[in-house]
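*Asks:* 3D, please:
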Amino acid sequence: MNETNIKTDSWRAWLLAARPKTLTGAAVPVMIGLALAWVDAQMYQGEVFQWVPAVLCLLFAFVMQIDANFINDFFDFLNGADNSETRLGPKRACAQGWVKLNSMKKAIALTTCLACVVGLPLVFYGGLEMVLVGLLCVFFCFLYTTHLSYRGLGDVLVLLFFGLIPVSITYYIQLHTCTPEVVVASVACGLVVDALLIVNNFRDREQDREVGKNTLVVRLGERNSLRLYAGVGIAACLGGVVFWANGHVLAFLLPLIYLALHVFTCLKMKRINKGRELNACLAETARNIFVYGLTVTLGLLLI
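*Replies:* Modelled structure (predicted):
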C-alpha cells in the first residue's frame, strides 16, 4: 500500500495501524489447535468437532492481535521507542501522524471490548475458566508493551500467548482435555512465532539500547541472537517428533520445508546485519510462520 499522502484517521491509516500482515501469527496457533482437535475428535467415539467455537477462537485471536498492535503503536510512541525519523521498521500510525492519539485511545478501548464480546460465548463451550483466560490475554496485552518488553520478557509472553495458551485452549474448548502432544505442539508453535519478535528486536537493537528497552536481543548480543533465531526454528521442528510418535508422520516431515526457509532467512539476517534491509527478513519470517502452520495443519489432516 502506498504510504504517502495518507489522510489522518482515514480507513487507509487504520488499515496500516492494524498491521494485517501480523494476523498470520495470530491464526497459526489456532489453526494447529483446531487441526489437533479435529484429528482426535475422529478418534474418540461420541466427540464431535464444533465449528462455532472454532470460528470464535479465530476471531478472538484476530481481534486481540489488532488490539495488541494498537496498544503497541500508542505506548511505544509515548515512550519514545517509535521515532518517525530514526525508526528502521515499518512506519507506525501514531509516530507518522496517520492516527491521532485520542483516536487511538478510543480504538484501543473499542477493540478490547470487541475481543471480550467475541470471546465471551466461548464460556458456553469451554466453561467459566475461559473468563480467566480472556482476562489474562487482555491484561498481558497491555503489560507487554508498557513494561515487560522493556525488561526482555517479550519472548516469554510470545511462548505463552502465541503458543501454549492459544493452541491448548483451542483444543480444550473442543474436547475438554489436553494431551502431551498438544502441549509439545503448542510450545513448538510459540518458538516459531517468537522468531518474528527476535528478528524485529535484532533490527532495532541499537535504538532499543539507547532508549533503555532491554530486549532479549539487547541482552544476548548480535551473535547469540542469531543463534537464538536459528535455534527456535530447529527446536520447533525437533518437537514435531511427537507428531511422528503419534502416527502423524507428515506433520513431522512437511514442516522441514519451513525449516529450510527459516535457515535461509537466518543466513540472510547474518549477511545484512543491520539497517532497514532487515525488514525483508521480517517479512520472510512472517511468511515462514504461515508455512509452518500450514504444513503442520496439512500434515495432521492428511491421514
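*Asks:* quick one: residue 192 and residue 235 touch, right?
*Replies:* No. In this structure, residue 192 is not within contact of residue 235 by Cβ atoms under 8 Å, at 9.3 Å. Yep, even glycine has a C-beta here, placed from its N, CA and C like the rest.
*Asks:* what about the two, which has more around it?
*Replies:* For the pair residue 192 and residue 235, the greater number of neighbours falls to residue 192 (34 against 13), based on other Cβ atoms under 10 Å.
*Asks:* Could you check how far the more buried one is from residue 127?
*Replies:* Per Cβ to Cβ, to the nearest Å, residue 192 is found 29 Å from residue 127.
*Asks:* and if you look at residue 293?
*Replies:* From residue 293 across to residue 127, the span is 27 Å (Cβ to Cβ).
*Asks:* and those two? which has more neighbours close in?
*Replies:* residue 293 (24 against 14).
*Asks:* For that one, give me its contacts.
*Replies:* 24, 27, 28, 29, 31, 32, 189, 192 (Cβ atoms under 8 Å, 6 or more residues apart in numbering).
*Asks:* so where does it fall, helix or strand?
*Replies:* Counting by DSSP states H and E, the element that carries residue 293 is helix 279-301.
*Asks:* Which positions in that helix come out as buried?
*Replies:* Buried positions in helix 279-301, judged by neighbour count with 16 or more other Cβ atoms under 10 Å: 279, 281-282, 284-286, 288-297, 299-300.
*Asks:* repeat for stretch 256-265
*Replies:* Buried, per 16+ other Cβ under 10 Å, within stretch 256-265: 258, 259, 261, 262, 265.
*Asks:* now the first one: how far from residue 194?
*Replies:* Separation of residue 258 from residue 194 (Cβ to Cβ) stands at 14 Å.
*Asks:* How far off centre is the helix or strand that residue 58 is a member of?
*Replies:* Assigned by DSSP H and E, residue 58 falls within helix 51-78. How far helix 51-78 lies from its chain's middle: 10 Å, per Cα atoms, centre = their mean, to the nearest Å.
*Asks:* Can you mark which positions in the worst-scoring helix or strand of the chain on mean pLDDT are buried?
*Replies:* Ranking every helix and strand in the chain by mean pLDDT, DSSP states H and E puts helix 205-210 at the bottom, with a mean of 86. Neighbour-count burial for helix 205-210 flags 205, 207, 208 (criterion: 16+ other Cβ under 10 Å).
*Asks:* who's in contact with the last one?
*Replies:* Under the criterion of Cβ under 8 Å, 6+ apart, the contact list for residue 208 reads 81, 201, 214, 215, 217, 218.
*Asks:* and if you look at residue 185?
*Replies:* 32, 36, 167, 239, 242, 243, 296.
*Asks:* Who are the contact partners of the last one?
*Replies:* This points to residue 296. By Cβ under 8 Å, 6+ apart, residue 296 lies in contact with 31, 32, 35, 185, 189, 240, 243, 251, 254, 255.
*Asks:* dump the residue contacts of the last one.
*Replies:* What that stands for is residue 255. Going by Cβ under 8 Å, 6+ apart, residue 255 touches 236, 237, 240, 292, 295, 296, 299.
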